[in-house]
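**Student:** Curious how this folds, go ahead:
(one chain, ligands or ions: 1)
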Amino acid sequence: MLKVGIIIGSASDLEKVAPAAKALREFGVPYEAKVLSAHRTPDEAAAFAASARENGFGALICAAGKAAHLAGAVAARTTLPVIGIPVKASALEGLDALLSTVQMPAGIPVATVAIDGAANAALLAVQILAVTDASLAEKLEAKRAADRADVLAAKVEL
Ligand code: RP5
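**Tutor:** Numbering: from 1, shown residues only. Sure thing, here's the model as predicted:
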């Protein structure tokens with residue numbers, strides 16, 4: 001199975017990204033996580049992105065806060081799908097990272113999830129891999145069914 005790469009802008013973001021790793025484990029999707037910064041380790045981040053396809057990755061998740069250019073910089077070096085997680089890490093409450101990540105100019109797309117939306121980033125990565133993996137698609141259907149059952153079973157006491 002293709003792997004998912006999780007590139008994290010700083011060790012200080014790790015707690016925010018943990019739900020993505022948890023979701024990938026639940027789906028049995030292999031992943032590799034690495035701290036790489038677009039501004040502190042630009043060469044290493046570029047090299048990781050440029051070699052990601054030949055290294056067996058099928059999608060890349062990039063998490064960064066503040067002036068979050070990591071996802072865009074990674075997307076510039078690969079044609080794999082790149083999913084950006086804007087991390088809430090500053091006085092601007094993550095709005096800075098959201099706008100930096102989502103507002104990519106035409107030609108280099110970044111699929112951006114919500115601020116601190118790590119779980120959805122992982123689910124989107126799984127959905128991308130599931131396009132060509134029927135067993136993963138079945139697991140996604142099962143999760144949707146379980147989520148639906150949870151909602152319908154919720155007790156309402158007002
Ligand atoms: C971004 O700046 C990182 O992704 C992090 O969210 C934020 C702060 O980084 P540190 O100064 O804590 O390393 O690059």
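
**Student:** Sheet-wise, list the partners of the longest strand belonging to the chain with their directions.
**Tutor:** Assignment by DSSP state E gives strand 57-65 as the longest strand of the chain. Based on DSSP bridges, the pairing partners of strand 57-65 within the sheet are strand 3-8 (parallel), strand 82-87 (parallel).

**Student:** gap between Ile6 and the ligand?
**Tutor:** The span separating Ile6 from the ligand equals 13 Å under the rule C-beta to the nearest ligand atom, to the nearest Å. For glycine as for every other residue, the C-beta is placed from the backbone atoms N, C-alpha and C.

**Student:** Which residue is the nearest non-sequential neighbour of that residue?
**Tutor:** On the basis of C-beta to C-beta, 6 or more residues apart in numbering, the spatially nearest residue to Ile6 that is not a chain neighbour turns out to be Ala33, at 4.1 Å.

**Student:** again, but for Leu2
**Tutor:** Gly58 (3.0 Å).

**Student:** any idea how far the one you found lies from the ligand?
**Tutor:** Gly58 is 23 Å from the ligand, where distance means C-beta to the nearest ligand atom.

**Student:** Next: Leu60.
**Tutor:** 15 Å.

**Student:** Contact residues of this protein facing the ligand?
**Tutor:** For the chain, the residues in contact with the ligand under the definition C-beta under 6 Å from any ligand atom are Gly9, Ser10, Ser12, Asp13, Ser37, Ala64, Gly65, Lys66, Val87, Ala89.
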